[in-house]
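J.: Turn this into a model:
(one chain, ligands or ions: 1)
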Amino acid sequence: MRTIEHWIGGKLTPGTSTRHGTVWNPATGQPQAQVVLATRRDVDNAVRVAADAFAEWSQSSLSARTKVLFAFRELVNARMDELAEIISDEHGKVVSDARGEVRRGLDVVEFACGIPQLLKGDYSDQVSTGVDVFSFREPLGVVAGIAPFNFPVMVPMWMYPIGISCGNTFVLKPSERDPSASLLVARLWAEAGLPDGVFNVVHGDAESVDALLDHPDVAAVSFVGSTPVARHIHARATATGKRVQALGGAKNHAIVIPDADLDFASDHLMAAAFGSAGERCMAISAAVAVGAGADALVEVVRQKASAIRVGPGRDAASEMGPVVTQAAKDRIVGLIDSGERSGARIAVDGRGLVVPGHESGFFVGPTVIDQVTPEMEVYREEIFGPVLCVLRADDVDSAIRLINANSYGNGTAIFTSSGEIARRFQRSVKVGMIGINVPIPVPMAYYSFGGWKDSLFGERHIHGPEGVSFYTRAKVVTTRWPNVEHATGASYHFPTAV
Ligand code: NAD
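T.: Just a heads-up that it's a prediction; the model follows:
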């Protein structure tokens, strides 16, 4: 079986571990590779190599950096289909969806191509007589990225293009469930002319993550994953003085107001709930039907969910692929069972789905659960699978209260034709990313991405302007070039502008 190794200092390396993880093909349910799981020594080696590379890369000119960034952009663009197929084979999502993920990641690379503009400082002439002030930003050092399985290309691309273009060197710890795409990315960086050691990939599990969090030469950590791990990352890495942004899980609600176009709203609900088998942090997992019309919404949703074509990600006819592992499938099925036990109505049941020719694949069909109430486990837990829960609310304000009572605050959406209701919604919800008739409001690369409450620990959102700020620190320089003929003597009061 193929062994997936680390990429350190511009080349593949097996590391020192005897531990391996299994990489499955979710469509067949068969193992397809084993990935090495780094030890503390391997992590230390990667950080040391990155620290050595920082000495030169941090001093490289903005034009040298952007030359590499533009070349990398071209290479990712040219290899988009290959990257999408690697993602599909290990994650399970359909290839067209995987291509969309690479495209959205590339948006961040393109944003980072503009780094000379983004790193411009300020200059104030004559703040006091003969005194000028200017500011600029410097890179931090070695920065680490720890990524989830569900976007093996896009989520790391939220991090390293900005980190590297700001002059830092990078150690990426991808998900051990779908690690291969990061190695092609590493090769593309090398081909683009990035010096060895600036971008490194260390594979592993909790042991390697904790080694990164504890390492004295790691200056900052970007994490995207589930809430319990995000909380752990934030606590442990801030304890050793690191800068941390830790994005967590989600439970995203879409409110459907009776004045919304039912066909439009239900089409978009389908895509947001079942695209990528619901394994998106911005997936809609709870639909809140407001007032009259809930039964009509559930009926349309039932028909459309039942018609979704489920099959292997590589089959162009598939609209939805399998989930990532057998453990994920068991967990999702267990949560649907719990919804049923607690009195919710299973309107569409994906539990028994079998895909002919792929009987051992990790498939769960689209599932719609109606009459869900907030105290049910199926509502409280992040399911991270193709399951849409439908709740009911008497009016808009009680729907907003429901969203605000939820511990997560990543994304939310409203379907309505009323500007007044939409505005009330956008101003009242305690959620970081909001869609008005847009169910997956993932901000473009030149805005920043991030949720509130248990969906993000740390002060700064990821990519966009906050990404540049996260990966740099400011210096402010106050200058005076005295004319000795007009020199004044020493004064002992605190300096003020004159
Ligand atoms: P996960 O938290 O299990 O794993 C994420 C990363 O943390 C992986 O690299 C993993 O190796 C590592 N890890 C796992 N357990 C650890 C531990 N105990 N200690 C240290 N490191 C550990 O998440 P996942 O299952 O890979 O991804 C799905 C989750 O990610 C969902 O909760 C989803 O909502 C979330 N997610 C959030 C966003 C966002 O932007 N907020 C985006 C994508 C995914």
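J.: Go through stretch 413-426 and flag the buried ones.
T.: For stretch 413-426, a neighbour-count test (16 or more other Cβ atoms under 10 Å) marks 413-416, 421-422, 424-425 as buried. In this view, the C-beta of every residue, glycine as well, is placed from N, C-alpha and C.
J.: what about that stretch, start to end distance?
T.: Taking Cα to Cα, to the nearest Å, the first and last residues of stretch 413-426 lie 9 Å apart.
J.: before we move on, the earlier item: filter the buried residues of stretch 413-426 down to just the ones in helices.
T.: Counting by DSSP state H, the part of the buried residues of stretch 413-426 found in helices is 421-422, 424-425.
J.: Switch the buried residues of stretch 413-426 over to CSV; also include pLDDT and distance to D263.
T.: Putting the buried residues of stretch 413-426 into CSV (pLDDT from 0 to 100; distance: Cβ to Cβ, whole Å) gives the following:
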residue, pLDDT, distance to D263
A413, 98, 16
I414, 98, 17
F415, 98, 11
T416, 98, 15
I421, 98, 19
A422, 98, 19
R424, 98, 25
F425, 98, 21
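J.: Closest one of those residues to the ligand?
T.: When the buried residues of stretch 413-426 are ranked by distance to the ligand (Cβ to the nearest ligand atom), A413 comes first, at 15.8 Å.
J.: so what's that closest one bridging to?
T.: With DSSP bridges as the criterion, A413 is bridged to A254, G435.
J.: Would you confirm that it contacts V442?
T.: No. Counting by Cβ atoms under 8 Å, A413 stays clear of V442, with 11.4 Å between them.
J.: Would you mind listing the buried residues in stretch 388-397?
T.: By 16+ other Cβ under 10 Å, the buried positions in stretch 388-397 come out as 388-393, 396.
J.: Surely Y408 is in contact with G249?
T.: Yes. Here Y408 reaches G249: they are 6.4 Å apart, a contact under Cβ under 8 Å.
J.: Find residues that contact each of those two.
T.: Listed as contacting both Y408 and G249 by Cβ atoms under 8 Å, 6 or more residues apart in numbering are 227, 382, 454-455.
J.: Would you format those residues as a markdown table with secondary structure, neighbour count and pLDDT included?
T.: Formatted as a markdown table, the shared contacts of Y408 and G249 follow (DSSP: H, G, I helix; E, B strand; the rest coil; neighbours: other Cβ atoms under 10 Å; pLDDT from 0 to 100):
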| residue | secondary structure | neighbour count | pLDDT |
| --- | --- | --- | --- |
| T227 | helix | 22 | 98 |
| E382 | coil | 21 | 97 |
| D454 | coil | 20 | 98 |
| S455 | coil | 26 | 98 |
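J.: between these, which is nearest D210?
T.: Nearest to D210 out of the shared contacts of Y408 and G249 is T227 (Cβ to Cβ; 17.7 Å).
J.: Around the ligand, pick out the residues from the chain.
T.: Residues of the chain that fall close to the ligand, judged by Cβ under 6 Å from any ligand atom: 146-151, 155, 173, 175-176, 205-206, 209-210, 224-226, 229, 232, 247-250, 281, 382, 384, 410, 451, 455.
J.: Just the buried ones from the residues you listed?
T.: Members of the residues of the chain next to the ligand classed as buried by 16+ other Cβ under 10 Å are 146-151, 155, 173, 175-176, 209-210, 224-226, 229, 232, 247-250, 281, 382, 384, 410, 451, 455.
J.: if we can go back for a sec, distance to D337 for the buried residues of stretch 413-426 - can I get that in a markdown table?
T.: Output for these, formatted as a markdown table (distance: Cβ to Cβ, whole Å):
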| residue | distance to D337 |
| --- | --- |
| A413 | 28 |
| I414 | 31 |
| F415 | 30 |
| T416 | 34 |
| I421 | 36 |
| A422 | 37 |
| R424 | 37 |
| F425 | 33 |
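J.: which residues does L184 contact?
T.: Taking Cβ under 8 Å, 6+ apart, we find L184 in contact with 79, 82-83, 86.
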